[in-house]
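K.L.:
would you be able to build a 3D model of this:
(chains A and B)
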Number of protein chains: 2
Amino acid sequence: MIKVVILGSGNVGRHLFKAFKNNSEIEITQWYSRNIKDIHPYSNFVEITDQLDKLVLADIYILAVSDDSIHDLSNQLSFSNRFVCHTSGSKSKNELNQKNRAGVFYPLQTFTKEIEVDFSKIPICLESSNSEDMITLKKISKTLGCSYYETDSNQREKLHLAAVFVNNFTNHMYTIAKDITDKSKIDFNILKPLISETVNKIYKLDPKEAQTGPAIRGDNKTINKHLASLENEKHKELYKLITDLINDLDHEKL
Amino acid sequence: MIKVVILGSGNVGRHLFKAFKNNSEIEITQWYSRNIKDIHPYSNFVEITDQLDKLVLADIYILAVSDDSIHDLSNQLSFSNRFVCHTSGSKSKNELNQKNRAGVFYPLQTFTKEIEVDFSKIPICLESSNSEDMITLKKISKTLGCSYYETDSNQREKLHLAAVFVNNFTNHMYTIAKDITDKSKIDFNILKPLISETVNKIYKLDPKEAQTGPAIRGDNKTINKHLASLENEKHKELYKLITDLINDLDHEKL
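P.N.:
Next comes the predicted model:
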């Protein structure tokens, strides 16, 4: 049984709590939040606290807090030489105070309060200061059914950057598309099968090979018509820039 | 039984052929391609031709050809007052020579030669010059199991523009991400669950509501770190521009 203390009650903290709660190989020994009201509804299932000096002994302390809070929170821990991890994609392991054994448990997924996630489908990026702590991280990942990868801080940062493109920026493409369809009184749902198929393709083809559309065809008539049709100046600029980038790809091939 | 002649042997033409071939309510009377070699392998299943003056009588002629060829090909048809459709998202119905009854049968999907598609999951945008021809278009859509929408040329053009964002541009976000992971010797597969979840969210939330990441959080530290980490100048520019656009959204809310 791995004893875990979760610190933080944001999206990641809550999703971790749910994933750990029904797991027979993990015991959530305690859940800390500075806003104890947030986790009060869970007090029947787990010991909760808002006092750092009341933290109990555990095999791992998971700091599921915002990037900017990791450093301070790890400084405030009153114990030392225990195993303390953060869950951030973009922060180095060294962001954690080195009085404890530092590690990273970064679930590479987008968490939204309202939406349930199947933890077993989430890849976890793991990092630790010694091989024994890595064993703990791997055990936790395995018991959740997750695939896991040992990545150093540099690789994890690059992954986080790539994640911004495939998740945050892709989602913004959907926002722009919905803006266009809304303005023309078209049901956005018409686009959803296309959105799904775009993703299905990456399981079958390299994205470069999967590229279609006016930019890769060099279809300037359509490109110009689209540019004229876009009302938002920044959307025009974006359309030009991505078209340009897709064009560059085509030249790489030659 | 609806008698169909397909003109064109590109991705759309081939996918239409496959979808119609096993359909008991549709008879592919003929398949035309100016490059008859392309469709020769199908000559056991359908009459093929590369001569426009040999086209037989049918209820509908579907021009599944490139945008730029629609006008010329429709001019070259030797008959008149028959029902002739194109399959383009961005061209007006009037691109077709008006000696025939013009229509549009635009399957809103991305077609790749190597990848099978389930036609029943494709929304079709329909347009015709009269209600009787619309009935034919709807019958074809229904018998394929497709959802279909009557859209005018303006709406269809806007849909096509929106499709470029959700399909072509999103795919380019994947290309950039793969470029980043490849350069850091990270397995691109790690990102696939995140890519899938990003899409799953649009079935549950408005994309504006689903937006996460450093841009919407106003997390300038991470944004600056990402910008410093990007090697390609156009990728930097793109990162800035989309971050800016996501920021604008946040201000809209206030």
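K.L.:
doesn't residue A:61 belong to a helix?
P.N.:
No - in this structure, residue A:61 is strand, not part of a helix, as judged by DSSP: H, G, I helix; E, B strand; the rest coil.
K.L.:
for it, grab the count of nearby residues.
P.N.:
26 (other Cβ atoms under 10 Å in any protein chain shown). Every residue, glycine included, has its C-beta placed from N, CA and C.
K.L.:
so it makes contact with residue A:3?
P.N.:
No - counting by Cβ atoms under 8 Å, residue A:61 stays clear of residue A:3, with 9.9 Å between them.
K.L.:
got a list of contacts for the biggest helix by length in chain A?
P.N.:
Looking across chain A with DSSP state H, the single longest helix is helix A:233-253. Here helix A:233-253 makes contact (Cβ atoms under 8 Å, 6 or more residues apart in numbering or on different chains) with A:176, A:208, A:211, A:213-216, A:218, A:223, A:226-227, A:230, B:164, B:168-169, B:172, B:175-176, B:234-235, B:237-238, B:241-242, B:244-245, B:248.
K.L.:
ok and that helix relative to helix B:233-253, angle-wise?
P.N.:
Angle, helix A:233-253 to helix B:233-253, by axes from the mean of the first three to the mean of the last three Cα atoms, to 10 degrees: 160 degrees.
K.L.:
residues in contact with residue A:197?
P.N.:
Residue A:197 sits in contact with B:109-110, B:117, B:121, B:167, where contact means Cβ under 8 Å, 6+ apart.
K.L.:
ok so residue A:20 is a helix residue?
P.N.:
Yes - using three-state DSSP, the assignment for residue A:20 is a helix.
K.L.:
now the end-to-end length of stretch A:122-140.
P.N.:
13 Å (Cα to Cα, to the nearest Å).
K.L.:
buried residues of that stretch, list them for me.
P.N.:
By neighbour count on 16 or more other Cβ atoms under 10 Å in any protein chain shown, the buried set for stretch A:122-140 is A:122-129, A:133-134, A:136-138, A:140.
K.L.:
out of the contacts of helix A:233-253, which end up buried?
P.N.:
A:176, A:208, A:211, A:213-216, A:223, A:226, A:230, B:164, B:168-169, B:172, B:175-176, B:235, B:237-238, B:241-242, B:245.
K.L.:
if you skip the residues just before and after it, what's nearest to the residue of the stretch 51-200 of chain A found nearest chain B?
P.N.:
Across the stretch 51-200 of chain A, the shortest distance to chain B (Cβ to the nearest Cβ) belongs to residue A:168, at 3.3 Å. Residue nearest to residue A:168 in three dimensions, not counting chain neighbours: residue B:213, with 3.3 Å by Cβ to Cβ, 6 or more residues apart in numbering or on different chains.
K.L.:
measure that neighbour to residue A:67 for me?
P.N.:
Residue B:213 is 12 Å from residue A:67, where distance means Cβ to Cβ, to the nearest Å.
K.L.:
circling back: need the contacts of residue A:197 in JSON lines (columns: neighbour count, distance to residue B:187 and pLDDT).
P.N.:
Formatted as JSON lines, the contacts of residue A:197 follow (neighbours: other Cβ atoms under 10 Å in any protein chain shown; distance: Cβ to Cβ, whole Å; pLDDT from 0 to 100):
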{"residue": "B:109", "neighbour count": "22", "distance to residue B:187": "29", "pLDDT": "89"}
{"residue": "B:110", "neighbour count": "24", "distance to residue B:187": "25", "pLDDT": "84"}
{"residue": "B:117", "neighbour count": "19", "distance to residue B:187": "28", "pLDDT": "83"}
{"residue": "B:121", "neighbour count": "15", "distance to residue B:187": "30", "pLDDT": "89"}
{"residue": "B:167", "neighbour count": "25", "distance to residue B:187": "25", "pLDDT": "97"}
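K.L.:
could those residues go into TSV alongside distance to chain A and secondary structure?
P.N.:
Listed next are those as TSV, based on distance: Cβ to the nearest Cβ, whole Å; DSSP: H, G, I helix; E, B strand; the rest coil:
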residue	distance to chain A	secondary structure
B:109	6	coil
B:110	5	coil
B:117	7	coil
B:121	5	helix
B:167	5	helix
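K.L.:
can you redo those residues as CSV with distance to residue B:201?
P.N.:
Converted to CSV, these look like this (distance: Cβ to Cβ, whole Å):
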residue, distance to residue B:201
B:109, 21
B:110, 20
B:117, 23
B:121, 19
B:167, 17
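K.L.:
apart from its chain neighbours, what residue comes closest to the residue nearest the centre of chain A?
P.N.:
The centre of chain A sits closest to residue A:109, judged by Cα atoms, centre = their mean, with a distance of 3.6 Å. Spatial nearest neighbour of residue A:109, excluding adjacent residues (Cβ to Cβ, 6+ apart): residue A:122 at 4.4 Å.
K.L.:
about what we covered before: which residues touch the residue nearest to residue A:168?
P.N.:
Residue B:213 sits in contact with A:164, A:167-168, B:246, where contact means Cβ under 8 Å, 6+ apart.
K.L.:
buried ones in the helix or strand containing residue A:228?
P.N.:
Residue A:228 belongs to helix A:220-229 when assigned by DSSP states H and E. For helix A:220-229, a neighbour-count test (16+ other Cβ under 10 Å) marks A:222-223, A:225-226, A:229 as buried.
K.L.:
sorry, back to before: for the residue nearest to residue A:168, give me the pLDDT.
P.N.:
Looking at residue B:213, its pLDDT stands at 92.
K.L.:
how distant is stretch A:113-127 from the center of its chain?
P.N.:
Remark: stretch A:113-127 is offset 8 Å from the chain centroid, using Cα atoms, centre = their mean, to the nearest Å.
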